[in-house]
Every structure is written in structure tokens, then in C-alpha cells.
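Chemist: Here you go, sequence then predicted model.
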Amino acid sequence: MSFLNDLKKPAAHQLKPIFDKYSRAQIAKSLKIHSAYLGNILCGHMQPSDSLEKKLHVFAKKIIEAEEKSL
């Protein structure tokens, strides 16, 4: 039974740990999408378009670079 339950759980987006440290509403606003849509993507309930996936990676890279500068 556990095997089937695991199959039902959506896999979180790979960038979720980076974005979870910051305001989902602000990130969504910067990406010009709704925060609920971003939440669904990050939780694995929806798949972003190819263009949005690229934007997510670019935004995550900016976050990582800014974090490195603040150290």
C-alpha cells in the first residue's frame, strides 16, 4: 500500500528549496505570474511551460548570486 501512496504524491520542483526562503508573492510578482500558480508549480501539482521553467532557473540563479554576495 505504501508503494501506491508514494506514487500519488507529486514531486516538488527542484528549485523549491531556493524559493521557499523568500516571499512567494514577491517572486510571483517578479515573474508576472499568480502566487498560487507558483505555489502549485513548486509543490509539483503543475508543470510550468518551457519559457516559465527558464525564467524560474534565471530567477533562482539571481537569488543564489545575491546570497553569495551577502556572505
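Modeler: The structure has been received and is ready for your questions.
Chemist: Please make it C-alpha for all contacts and neighbour counts, starting now.
Modeler: Fine.
Chemist: Grab the nearest non-local neighbour of residue 19.
Modeler: Counting by Cα to Cα, 6 or more residues apart in numbering, residue 19 lies nearest to residue 60, which is 7.2 Å off, once chain neighbours are set aside.
Chemist: Can you tell me which helix or strand of this structure has the lowest average pLDDT?
Modeler: helix 2-8 (a mean of 78; mean pLDDT, DSSP states H and E).
Chemist: What's the biggest helix in this structure, counting residues?
Modeler: Longest helix in the chain, counting residues (DSSP state H): helix 50-69.
Chemist: Give me the residues contacting it.
Modeler: Outside helix 50-69, the residues within contact range by Cα atoms under 8 Å, 6 or more residues apart in numbering are 15, 18-19, 31.
Chemist: Buried residues, it. List them.
Modeler: Residues 56, 59-60 are the ones in helix 50-69 that count as buried (16 or more other Cα atoms under 10 Å).
Chemist: what is the mean pLDDT for it?
Modeler: Averaged across helix 50-69, the pLDDT comes to 97.
Chemist: roughly how far is that helix from the heart of the chain?
Modeler: Put simply, helix 50-69 sits 10 Å off its chain's centre (Cα atoms, centre = their mean, to the nearest Å).
Chemist: CA atoms only: put that helix into PDB for me.
Modeler: Written as PDB, here are the backbone C-alpha positions of helix 50-69 (Å, rounded to 0.1, in the frame of the first residue of the first chain):
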ATOM      1  CA  ASP A  50       9.300  25.700 -21.100                       C
ATOM      2  CA  SER A  51       9.600  29.500 -21.100                       C
ATOM      3  CA  LEU A  52       8.500  29.800 -17.400                       C
ATOM      4  CA  GLU A  53      10.900  27.000 -16.500                       C
ATOM      5  CA  LYS A  54      13.700  29.000 -17.900                       C
ATOM      6  CA  LYS A  55      12.600  32.100 -16.100                       C
ATOM      7  CA  LEU A  56      12.500  30.200 -12.800                       C
ATOM      8  CA  HIS A  57      16.000  29.000 -13.300                       C
ATOM      9  CA  VAL A  58      17.200  32.500 -14.100                       C
ATOM     10  CA  PHE A  59      15.500  33.900 -11.100                       C
ATOM     11  CA  ALA A  60      16.900  31.200  -8.800                       C
ATOM     12  CA  LYS A  61      20.400  31.900 -10.200                       C
ATOM     13  CA  LYS A  62      19.900  35.600  -9.300                       C
ATOM     14  CA  ILE A  63      18.900  34.600  -5.700                       C
ATOM     15  CA  ILE A  64      21.900  32.400  -5.300                       C
ATOM     16  CA  GLU A  65      24.300  35.100  -6.600                       C
ATOM     17  CA  ALA A  66      22.700  37.600  -4.200                       C
ATOM     18  CA  GLU A  67      23.000  35.200  -1.300                       C
ATOM     19  CA  GLU A  68      26.700  34.600  -2.100                       C
ATOM     20  CA  LYS A  69      27.400  38.400  -2.200                       C
END
